[in-house]
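In: Whatever this is, show me its structure:
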Amino acid sequence: MDFQLTDEQNLLRDSVRTFTKQRSPIGRFRKIRDTAEGAGAGWDQAVWREMGELGWLSLPFPESAGGFGGTLVDVGLVLEAFGATLVPEPYLASVVFAGTALLRAGTSAQHERWLAPMIEGATSLALAHAEREHRFDLRPRSTSATREGESWRVRGTKPFVANGHRADVLLVSASSGGDSMLFALPRDHAALRVDTARTIDGLASATVTIDGMIADEHRLAGGDAASAIERAHDAAAAMAVSEGLGICQSVLSLTVEHLRTREQFGVPIGSFQALQHRAVEMFVEVELIRSMAVLASVRGGDDDDDARRSAVSAAKAQLATGGRFVTQQAIQLHGGIGITDEHDVGLYFKRMHALGVMFGDEEHHVRRFADTPSFAAM
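Out: I've put the predicted structure just below:
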């Protein structure tokens, strides 16, 4: 298999890297996190709109829906660069997670109504799916939808909704007679209550409570909602690995530079063999994550359920273990300064911790990988 990027993909990667270095270095993330206004907002609408103008928000969507017609490999290049400088805009939550669900479950008219504005950068989306007592369950359990005349009465609570605090449109999953459903609702809908919650990575999420009548026009009716949720979950998990790869590369670079410049006993600490071995172990883990990120990007949009699930779960499990190792070792090798909030390595560590849990943690994906027919038959 040829893993070389095309000329267009190389141009995309270089342009995103240039943008992140010039417009969104890690200092921007820290500034947004530390300001009172940024603490509640989490990202900049003007930068999001610029991403839309550059075409990045349209990458994974077909031309029929107003998109670029790209693949998850293209999206992975964007998120790898975003991870390297902790770009706070909700690309993973809005474009990949919610966008994939809306694309697969919505009609053409619903794409025009809710997806097209997001592609342009005018709005953002959020998928409110997870439930407190059903962690990582791809089917809604405690949120119910009951038909009443021409409308639906929907009741339930969705915690830790990524970008839920800022999304213009929220996709809310519910169960009706055992079937999964998705509703697209503007954040000011009378049935919604959105409470902002801070997360460990310095960003924000929301607890979304829904209780009220929903007109049938808000129900996504273009495809199977259960399948759409699973495909969105797998795409987001695969792209979380790409973002985690960008984090690990930056952390490794910071650590190697620290080992080269920090002196003790009159010599750089990087000259100590024990620390060299740790740096090599970090490098090995980064390369393992890179390999799995490539696999997940290639297979993350596959229609073959077995191939997609096994590749995504293997990559996500590798990110959980390898990403944790790389960021923990970086903190230890930086010594006392590594545990201070003023040093960037701690910001990377916290985001990696969040990515390790989002869209399924290590235990969940190891179990799911073991349940795939290709593994069970071995």
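
In: make it CA atoms for all contacts and neighbour counts henceforth
Out: Fine.

In: which residues of the stretch 151-300 of the chain fall in strands?
Out: Ranges of strands in the stretch 151-300 of the chain, per DSSP state E, counting those that start in this stretch, are 151-162, 169-176, 179-186, 192-198, 204-215, 263-264, 267-268.

In: what is the mean pLDDT for the second one?
Out: Model confidence over strand 169-176 averages 97 on the pLDDT scale.

In: Same check on the fourth one?
Out: Averaging pLDDT along strand 192-198 gives 94.

In: Quick check: phi and psi on Arg13?
Out: Dihedral angles phi and psi of Arg13 (degrees, to the nearest 10) take the values phi -60, psi -50.

In: And for it, nearest residue in space, chain neighbours not counted?
Out: Once flanking residues are discounted, Arg13 sits nearest to Leu77: 5.7 Å by CA to CA, 6 or more residues apart in numbering.

In: isn't the one you found right up against Ser242?
Out: Yes. Leu77 is within contact range of Ser242, at 7.4 Å (criterion: CA atoms under 8 Å).

In: Please identify which of those two sits among more neighbours.
Out: Legend: neighbour count by other CA atoms under 10 Å for Leu77 and Ser242, higher for Ser242 (33 against 23).

In: Just the pLDDT at that one, thanks.
Out: 98.

In: Any regions of the stretch 51-200 of the chain where pLDDT drops low?
Out: Counting by pLDDT under 70, the stretch 51-200 of the chain shows no low-confidence range.

In: can you tell me which residues contact Trp48?
Out: Taking CA atoms under 8 Å, 6 or more residues apart in numbering, we find Trp48 in contact with 89, 121-122.

In: please redo it, this time with the cut-off set to 6 Å
Out: Neighbour list for Trp48: Gly121 [criterion: CA atoms under 6 Å, 6 or more residues apart in numbering].

In: Doesn't it belong to a helix?
Out: Yes. Counting by DSSP: H, G, I helix; E, B strand; the rest coil, Trp48 falls inside a helix.

In: Val95 versus that one, what's the distance?
Out: From Trp48 across to Val95, the span is 11 Å (CA to CA, to the nearest Å).

In: again, but for Thr123
Out: 11 Å.

In: pretty sure Thr327 contacts Tyr348?
Out: No. Thr327 is beyond contact range of Tyr348, at 7.2 Å (criterion: CA atoms under 6 Å).

In: Look up the residues that both of the two are in contact with.
Out: With CA under 6 Å, 6+ apart as the test, Thr327 and Tyr348 reach no residue in common.

In: So which elements touch the longest helix anywhere in the chain?
Out: Using DSSP state H, we find that the single longest helix of the chain is helix 225-261. Helix 225-261 sits against helix 72-85, helix 99-105, strand 179-186, helix 273-299, with contacts defined as 3 or more CA pairs under 6 Å, 6 or more residues apart in numbering; DSSP states H and E.

In: could I get the ones you listed as a markdown table with distance to Asp195?
Out: Converted to a markdown table, the helices and strands packed on helix 225-261 look like this (distance: least, CA to CA, whole Å):
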| stretch | distance to Asp195 |
| --- | --- |
| helix 72-85 | 26 |
| helix 99-105 | 22 |
| strand 179-186 | 15 |
| helix 273-299 | 33 |
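
In: all helices for the stretch 1-150 of the chain, in order.
Out: 7-23, 26-34, 36-41, 45-54, 72-85, 99-105, 108-110, 116-120 (DSSP state H, counting those that start in this stretch).
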